[in-house]
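Asker: Here is my input; please provide its structure:
(one chain, ligands or ions: 2)
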Amino acid sequence: MQQIALLGATGSIGTSALDVIARHPDRYSVAALTCAHNVRKLASLAKEWRPAVVAVAHKENWAALKEAMHEVNVTGVEMLAGAEAIASIAESRAVDTVLQAVVGAAGLEPTFRAAAAGKRILLANKESVVCGGETLMQLARTRGAKILPVDSEHNAVFQCLEGCDAAARANVRLWLTCSGGPFHAHPETDLESVTPERALAHPTWSMGRKISIDSATLMNKGLEVIEAHHLFGVPGERIGVVIHPQSVVHSMVEYADGSVLAQLASTDMRLPIAYCLGYPERLEAGVRKLDFASAMNLTFTPPDTARFPQLALAYEALAMGGTGTIVLNAANEVGVQAFLAGKIGFCDIARLCRAMLEKADGTAAATLEAILEADREARRSAADWVREKTAARGA
Ligand code: NDP
Ligand code: MG
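Answerer: Ligands and ions are numbered 1, 2, ... in the order given. Just a heads-up that it's a prediction; the model follows:
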């Protein structure tokens, strides 16, 4: 019986993960569930799953969590609060597997702590790889932690690399597929004036708010290029992005002989979650099978980086190295929040990212403390940029 800590249990990935776990009660037990704000949902999940511990990320939400647990009449479950509590769950001896589905750089510390404790990490939180980079990968290697990629593109690459030896791996090219988000197929749309509501309406995937906006700007693909570089050790020049609106091919690996291996499946995050949970076995996850008996068109076109500059910024940040990707990620998180709050426009997210990246110098950040400090500093600077922009708009 594997004991699982589900960080970010109330989110989109958290919900899909519990659906898969529920299908295999003989193999998995939920040891811990965490969230940030949605204490009612966390309490109802605690009632259903009876974990040993639940935790909420912000200390000020502890009283609300306690009340919510009382309302659903759950007793005997330890209740914790604060970022440190979540990080300590990630390294707990009572946990074998950490399903890391927190959104944003808030996931950094729990991922590092799980890696240091040698856990099996099912990683959806791409921001921790984007910021943690080689420092995180090295820590995982030295402590015997196994990082399994939940992000569908990386899960596809992981599957296509199965059985590939180090020599063959040294020459592969990766092709990450990208749906294009809600605007790629609509060149007539004036991106300067799109609303959060329109940007959140993803054509093929149903996801949390932050990643949905990242998909609309193509920053999600940019973060994924950086993530792929660190997870698979492939340089940025050999990681391509291709627009594939049907989201059937989840990514591809091209080998030296010209063979391209692809992983195809329905758009359902339960599949990569189940692959990581069961690896190396394959588990049933309720995923609809592809129907090749019916006509199916698969198209592939290059991305438009002039209209969606964030993808190009991600390659620049990766080439810069050091704090470059941390700064880009922080600027983007601040920008997405400001856009969702109606403070800046859709295209301002890219302007903010460019402005912050231009100030970055790519100095090394080789410890968790240095990474966290670079993240904090970049957030402060990005928040100033948003304030100035908002003030200029109001003036
Ligand atoms: P959601 O916004 O749906 O869920 C995020 C989860 O993280 C919630 O449980 C939320 O709690 C919790 N959370 C929010 N802020 C904090 C914080 N500061 N500290 C601790 N926990 C926090 O996001 P998704 O499930 O869509 O995405 C999660 C991660 O997975 C992201 O990194 C995303 O990029 C990645 N991913 C998601 C995919 C998807 O299909 N959704 C696909 C591939 C990757 P609360 O509900 O209380 O706010
Ligand atoms: Mg993805």
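Asker: and the closest residue to Val248 other than its chain neighbours, bridged to which residues?
Answerer: Distances taken as CB to CB, 6 or more residues apart in numbering put Leu264 closest to Val248, at 5.4 Å, once the chain neighbours are dropped. Every C-beta, even on glycine, is put in place using the N, C-alpha and C of the backbone. Using DSSP bridges, the beta-bridge partners of Leu264 come out as Val249.
Asker: residues contacting Leu264?
Answerer: Residues near Leu264 by CB atoms under 8 Å, 6 or more residues apart in numbering: Val248, Val249, His250, Leu290.
Asker: Please determine whether the strand or helix carrying Gly222 lies in contact with ligand 2.
Answerer: Gly222 is part of helix 219-232, with elements assigned from DSSP states H and E. No. Using CB under 5 Å from the ion, helix 219-232 stays clear of ligand 2, with a minimum separation of 5.5 Å.
Asker: Packing partners of the helix or strand that comes right after that helix?
Answerer: With elements assigned by DSSP H and E, the helix or strand that comes after helix 219-232 is strand 239-243. Counting contacts by 3 or more CB pairs under 8 Å, 6 or more residues apart in numbering; DSSP states H and E, strand 239-243 packs against strand 173-178, helix 219-232.
Asker: Residues in contact with the first one: which ones?
Answerer: Going back to what we said before, that points to strand 173-178. For strand 173-178, contacts defined as CB under 8 Å, 6+ apart pick out 153, 156-157, 218, 220-221, 224-225, 228, 232, 234, 238-244, 247, 249-254, 260, 300, 303.
Asker: Point out the one among the helices and strands packed on strand 239-243 that comes closest to Asp165.
Answerer: helix 219-232 (13.9 Å; CB to CB).
Asker: Poorly predicted segments of this protein, please.
Answerer: Within the chain, the ranges that satisfy pLDDT under 70 run 395.
Asker: What residues does it have near ligand 2?
Answerer: Proximity of the chain to ligand 2, by CB under 5 Å from the ion, involves residues Asp151, Ser152, Glu153.
Asker: tell me the contacts of the second one?
Answerer: Read that as Ser152. Counting by CB under 8 Å, 6+ apart, Ser152 makes contact with His250, Ser251, Met269, Leu271, Pro272.
Asker: Over to Trp62?
Answerer: If you count contacts by CB under 8 Å, 6+ apart, Trp62 has them with Val56, Met79, Leu80, Ala81.
Asker: Columns distance to Glu162 and mean neighbour count on top of the helices and strands packed on strand 239-243, output as TSV?
Answerer: Output for these, formatted as TSV (distance: least, CB to CB, whole Å; neighbours: other CB atoms under 10 Å):
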stretch	distance to Glu162	mean neighbour count
strand 173-178	14	23
helix 219-232	12	25
